[in-house]
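Colleague: Fold the following, please.
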Amino acid sequence: MSTIEIRFAGFGGQGIVFASIVLARAASIYESRSVSQKDSKLEKKRDNIFAIQTQIYGPEARGGASRAEVMISENNIAFPHISEPDILVIMSEQAFEKYADGVKETTITLLDPTTVKSRPKNKFYEIPATKIADELGNKVVSNVVMLGALCAITGVVSKESLKKALIDKIHEKTKTINLNAFKKGFDLGKKLKKG
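Modeller: The predicted structure is shown next:
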């Protein structure tokens with residue numbers, strides 16, 4: 001697949017924009033032939049991988065609607081609009097109501113059953129990111145749990161690339177909890193994909 005489109009949706013305060021930035025950085029900066037690509041869906045015809053990230057959120061800093069999108073391609077990206085994502089990450093019921101119907105049959109949806117009660121018609125995985133993050137001691141890392149699961153389930157970028165991009169964007173003080181959240185999400189995603 002030469003282009004993969006990913007949409008993250010939830011509410012402000014869940015780290016939707018942060019997760020999308022980390023994913024875009026993983027693809028554009030760290031995803032190369034020198035990184036292990038055994039799980040990546042991108043065919044490496046070139047050394048360059050292009051990624052764009054866009055975001056939309058309401059005027060409310062926390063609690064308002066939030067959406068971020070990432071487009072990853074082996075070719076230059078001329079138009080950054082996503083209409084039907086290949087991967088959809090839903091972290092609130094409001095986001096489900098707004099975005100779950102506008103997908104292809106082949107779209108893979110990851111949703112947090114802690115915050116989303118509805119279920120889509122397309123293939124989906126339940127990732128209790130908020131619950132896992134709470135067990136780790138901070139609900140704020142639910143987005144990182146979701147990133148780990150997304151990586152394991154979809155293989156959109158390698159685990160190594162995503163981990164490097166995450167470390168790049170977090171404070172040293174929060175490194176341990178973020179890496180634990182990523183590992184928990186990745187391990188759960190791997191288990192769900194096998195099952």
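Colleague: Next one: the nearest residue to Ile29 once chain neighbours are set aside from Gly64, what distance?
Modeller: Leaving aside its sequence neighbours, Ile29 sits nearest to Ala165 (C-beta to C-beta, 6 or more residues apart in numbering; 6.6 Å). In this view, the C-beta of every residue, glycine as well, is placed from N, C-alpha and C. Taking C-beta to C-beta, to the nearest Å as the measure, Ala165 falls 26 Å from Gly64.
Colleague: So for the two, which sits in the more crowded spot?
Modeller: Ala165 (23 against 13; other C-beta atoms under 10 Å).
Colleague: circling back: so what's the gap between the strand or helix carrying the residue nearest to Ile29 and the chain middle?
Modeller: Secondary structure from DSSP states H and E places Ala165 in helix 159-169. Using C-alpha atoms, centre = their mean, to the nearest Å, the distance from the centre of helix 159-169 to the centre of the chain it belongs to is 13 Å.
Colleague: Now do the following helix or strand past it against helix 159-169, angle only.
Modeller: Using DSSP H and E, the next helix or strand after helix 159-169 towards the C-terminus is helix 175-194. Per axes from the mean of the first three to the mean of the last three C-alpha atoms, to 10 degrees, the angle that helix 175-194 makes with helix 159-169 is 150 degrees.
Colleague: Okay, buried residues for helix 175-194 please.
Modeller: 177-182, 184-186, 188-190 (16 or more other C-beta atoms under 10 Å).
Colleague: what do you get for stretch 157-168?
Modeller: Residues of stretch 157-168 classed as buried: 157-166 (neighbour count, 16+ other C-beta under 10 Å).
Colleague: OK, contacts around the residue nearest to Ile29?
Modeller: Contacts for Ala165 were tallied using C-beta atoms under 8 Å, 6 or more residues apart in numbering; they are 22-23, 25-26, 29-30.
Colleague: Same check on Ala129?
Modeller: Residues in contact with Ala129 (C-beta under 8 Å, 6+ apart) are 91, 112, 114, 142-143, 145-146, 149, 185.
Colleague: how much space is there between it and Val89?
Modeller: 9 Å.
Colleague: In this structure, which residue is most central in space?
Modeller: For the chain, the residue nearest the mean C-alpha position is Leu147 (4.5 Å; C-alpha atoms, centre = their mean).
Colleague: after the lowest-mean-pLDDT helix or strand in the chain, next one along is what?
Modeller: Lowest on mean pLDDT, DSSP states H and E among the helices and strands of the chain sits strand 50-57, with a mean of 87. Next in sequence after strand 50-57, counting helices and strands by DSSP H and E, comes strand 65-73.
Colleague: Pairing partners for that following strand, with directions?
Modeller: Counting by DSSP bridges, the strands paired with strand 65-73 are strand 3-11 (antiparallel), strand 50-57 (antiparallel).
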